[in-house]
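**Q** Just the structure for this:
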Amino acid sequence: MVILSRLFRLPRKTKRLIQLSIDIGLLTSSFALALWLHRESWAMLQDPRTWAGWLVVLPASLAIFTQLGFYRAVIRYMSAKALQSLLIGVSVSAGLLVLISRLLGIDLSAAVGIIYAMLALLSVGGVRYVLRALHLRSMLRYKTRVLIYGAGAAGSQLVSSLRQGAEYAPMAFVDDWRGMHGTYVEGLKVYAPGDLPQLVKNYGIRRILLAIPSATRARRREILKTLEPLSVPVQTLPGMADVVAGRAQVNEVRNVTVEDLLGRDPVPPDAALLDANIRDKVVMVTGAGGSIGAELSRQVLQQRPRQLLLFEICEFSLYRIERELQQYAQDQELAVPIKALLGSVQDRARLETILRTFRVQTIYHAAAYKHVPMVEHNTVQGIRNNVFGTLATAQAAMDCGVETFVLVSTDKAVRPTNVMGTTKRLAELVCQALAEHQASTRFCMVRFGNVLGSSGSVVPLFRRQIAAGGPITVTHPEITRFFMTIPEAAQLVIQAGALGNGGDVFVLDMGEPVKIADLAAQMVRLSGLEVACEAAPNGDIEIVYTGLRPGEKLYEELLIGEKVGATSHSRIMTAMEAYWPWPRLERYLEQLYRATEDEDQVRIRELLQSAPTAYAPRDEIADLAWCGRTPEPPSQVPQAPPLAAPQRRPEPGRPEPGRLEPTPDLAPSHAYLDAVSSSVKG
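**A** Residues are numbered from 1 along each chain as shown. Just a heads-up that it's a prediction; the model follows:
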């Protein structure tokens with residue numbers, strides 16, 4: 001093996017010279033042996049003309065092999081093409097042998113040429129394939145032994161690819177189809193799924209590769225469930241959708257994705273619904289750099305709008321999504337102008353300038369602060385962005401004649417225990433009230449749960465923690481969440497936006513909720529590791545429970561009431577939910593805005609609880625600026641004793657805590673609120 005290894009490390013020119021020398025000997029031996037085997041031609045070995053003719057045939061044969069590229073083929077990677085070149089070269093060599101013999105007057109029968117061709121093919125080709133087999137065998141001890149699940153075309157192609165590499169050694173196939181059991185594919189035996197535990201033990205399997213790109217997500221999930229108890233790392237080939245879209249190659253091995261673990265088979269989209277608000281229209285996506293906003297932008301671009309506007313406050317996020325979409329449009333030859341626009345949804349003047357300049361017809365409003373603890377710690381900014389940002393965008397849309405306004409909402413808006421969910425419910429109330437108050441712009445809201453792979457998702461965190469050796473941190477053993485893939489969510493948002501008549505709250509069918517602790521354990525086992533617990537104290541990765549964070553719920557819901565209606569789409573429902581009419585909501589928002597200006601956290605909480613949001617906080621106020629404030633030092637000048645908090649008289653224009661009865665002469669001192677009010681009233 002050491003000699004073989006040195007041989008393969010020789011310079012390319014030296015190896016070609018060695019091959020030529022060996023082929024000269026092999027071809028000559030094949031010619032002589034062919035004459036000997038054909039006993040009638042034995043005497044020709046004594047005839048000088050026979051060897052004179054051979055001295056013409058041999059160089060010509062080597063020249064033909066060279067011309068066919070036979071000596072450019074690397075022995076360790078020899079393929080069917082090299083065998084084809086050898087077959088053509090040997091056939092031409094045998095024909096030349098018979099032809100030259102006849103020209104020299106040698107009575108050489110065609111049978112000798114056939115025997116020579118067979119011997120040359122076996123010797124010249126055989127030596128190379130023996131060397132290749134010896135090399136692969138020597139490399140086997142350095143490779144990871146793998147088992148291929150799926151003996152179809154993808155599995156066959158994967159085996160060929162793996163054998164050329166230095167990382168994996170395929171040992172056997174497993175396939176669901178009974179007709180394949182006991183057969184051989186690429187020289188490997190095909191077994192039934194029930195043989196998996198024994199195969200892992202007998203072959204020393206260290207990794208399982210799923211070669212089933214055409215399988216549905218539901219089927220992949222079933223297979224992964226059967227592989228989970230084996231505690232062997234599982235990798236997979238990309239799904240056919242990714243292959244067709246050009247995002248992956250059919251033999252590209254990758255880690256099992258969370259879509260494989262949790263994703264459902266998406267319902268084919270309704271082309272008419274996808275086109276309704278987009279095709280040949282000017283569309284703007286707010287928060288275009290975020291997880292949902294970016295995917296919405298991708299989906300919108302595919303529907304060929306007249307123009308796509310990307311509105312985002314973060315410069316880098318906007319730059320990144322603009323470059324991606326520009327490249328996609330170029331690759332797909334889409335003549336869609338893409339405009340990257342910096343700005344805040346709280347800046348109504350900027351919004352109106354953009355909407356009037358480009359004559360926007362459809363808005364997908366995805367701009368929001370969505371991280372629960374972050375908003376809990378920065379209450380004022382969360383309210384300003386999520387509530388008043390939505391209000392400013394909605395009113396700018398009305399003033400500028402936008403046809404459709406779609407609000408991207410969240411399941412955390414249902415009976416919220418945190419400020420983020422409450423602000424999203426208030427944003428829904430704004431859209432519901434404005435939809436009733438006017439008829440120029442059609443408002444609708446789409447509510448759904450967590451999306452897989454979004455910013456802040458637990459899955460990338462778990463993967464990093466597993467790679468680091470643990471522990472995995474989960475807030476609570478019983479915490480559950482709804483999950484959906486980002487592309488499916490964005491597609492359904494677009495379709496729901498086309499279904500609404502005005503003021504509709506749409507709820508996406510998220511499937512069954514997933515227990516986060518179970519998801520973490522599943523990811524550990526499919527990584528080939530074992531969860532450390534009481535039953536397995538020597539496990540590899542421990543799951544540590546850190547406790548619920550401020551404002552976090554154990555269970556999320558999608559519906560506030562029980563009034564749910566079906567739509568023409570099987571995964572989109574409509575919810576009939578109560579809201580305040582605009583005049584009453586307007587007065588409430590004026591009070592809330594003043595409270596945020598004063599950064600009065602107590603008053604803010606009172607107002608949030610008084611709105612029809614079912615906000616029920618379970619923790620104390622967690623705003624960092626509020627909690628970190630220090631009391632002012634006492635003055636040396638005698639002061640009058642302060643009034644007790646319950647006896648404090650309300651300020652002019654501000655109702656007592658818990659009451660929502662603004663006085664008629666309430667006049668906000670901010671131009672922003674004046675503009676807000678005049679816009680709706682006008």
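**Q** tally of neighbours for the residue nearest to residue 490 when sequence neighbours are not counted?
**A** Once flanking residues are discounted, residue 490 sits nearest to residue 295: 4.0 Å by Cβ to Cβ, 6 or more residues apart in numbering. Heads up, the C-betas are built off the backbone N, CA and C, glycines and all. Residue 295 has 25 neighbours, counted by other Cβ atoms under 10 Å.
**Q** repeat for residue 535
**A** Residue 535, neighbours per other Cβ under 10 Å, totals 7.
**Q** quick one: secondary structure of it?
**A** Following DSSP: H, G, I helix; E, B strand; the rest coil, residue 535 is assigned to coil.
**Q** residues in contact with it?
**A** Applying Cβ atoms under 8 Å, 6 or more residues apart in numbering to residue 535 gives no contacts.
**Q** The one 10 residues further on too?
**A** With contact set as Cβ under 8 Å, 6+ apart, residue 545 has these partners: 473-477.
**Q** Would you mind checking those for buried ones?
**A** Buried members of the contacts of residue 545, counted by 16 or more other Cβ atoms under 10 Å: 474-476.
**Q** Go through the residues you listed and flag which are in strands.
**A** Residues of the buried ones among the contacts of residue 545 located in strands (DSSP state E): residue 474.
**Q** if we can go back for a sec, and the residue nearest to residue 490, what are its phi and psi?
**A** Dihedral pair for residue 295: phi -70, psi -40, per degrees, to the nearest 10.
**Q** need the contact list for it.
**A** 486-487, 489-490.
**Q** Packing partners of the helix or strand hosting residue 29?
**A** Taking DSSP states H and E as the definition, one finds residue 29 inside helix 12-37. Helix 12-37 is packed against helix 48-67, helix 110-120, with contacts defined by 3 or more Cβ pairs under 8 Å, 6 or more residues apart in numbering; DSSP states H and E.
**Q** Please name whichever of these is nearest to residue 339.
**A** Nearest to residue 339, of all the helices and strands packed on helix 12-37, is helix 48-67, at 57.1 Å by Cβ to Cβ.
**Q** Could you give the average pLDDT over that closest one?
**A** For helix 48-67, mean pLDDT is 81.
**Q** ok, now stretch 237-251?
**A** Per-residue scores along stretch 237-251 average to 55.
**Q** residues in contact with stretch 172-180?
**A** Here stretch 172-180 has contacts from 147-152, 155, 181, 185, 188-193, 195-196, 199, 203, using Cβ under 8 Å, 6+ apart.
**Q** mind listing which of these are in helices?
**A** 155, 196, 199, 203 (DSSP state H).
**Q** With adjacent residues omitted, what lies nearest to the last one?
**A** The one in question is residue 203. Using Cβ to Cβ, 6+ apart and skipping the chain neighbours, the partner closest in space to residue 203 is residue 171 (4.4 Å).
**Q** Phi first, then psi, for the one you found.
**A** Per-residue torsions, residue 171: phi -110, psi -30 (degrees, to the nearest 10).
**Q** And the pLDDT at it?
**A** So residue 171 comes in at 89 (pLDDT).
**Q** Counting neighbours, which of the ones in helices among the contacts of stretch 172-180 comes out on top?
**A** residue 155 (27 neighbours).
**Q** I'd say it and residue 162 touch.
**A** No - in this structure, residue 155 is not within contact of residue 162 by Cβ atoms under 8 Å, at 10.4 Å.
**Q** Poorly predicted segments of the stretch 251-400 of the chain, please.
**A** Residue ranges of the stretch 251-400 of the chain with pLDDT under 70: 251-254, 257-259, 262-266.
**Q** for it, what spans make up the strands?
**A** Applying DSSP state E, counting those that start in this stretch to the stretch 251-400 of the chain gives strands spanning 254-255, 282-286, 307-312, 338-342, 362-365.
**Q** got the buried residues for the fourth one?
**A** Within strand 338-342, the residues scored as buried using 16+ other Cβ under 10 Å are 338, 340-341.
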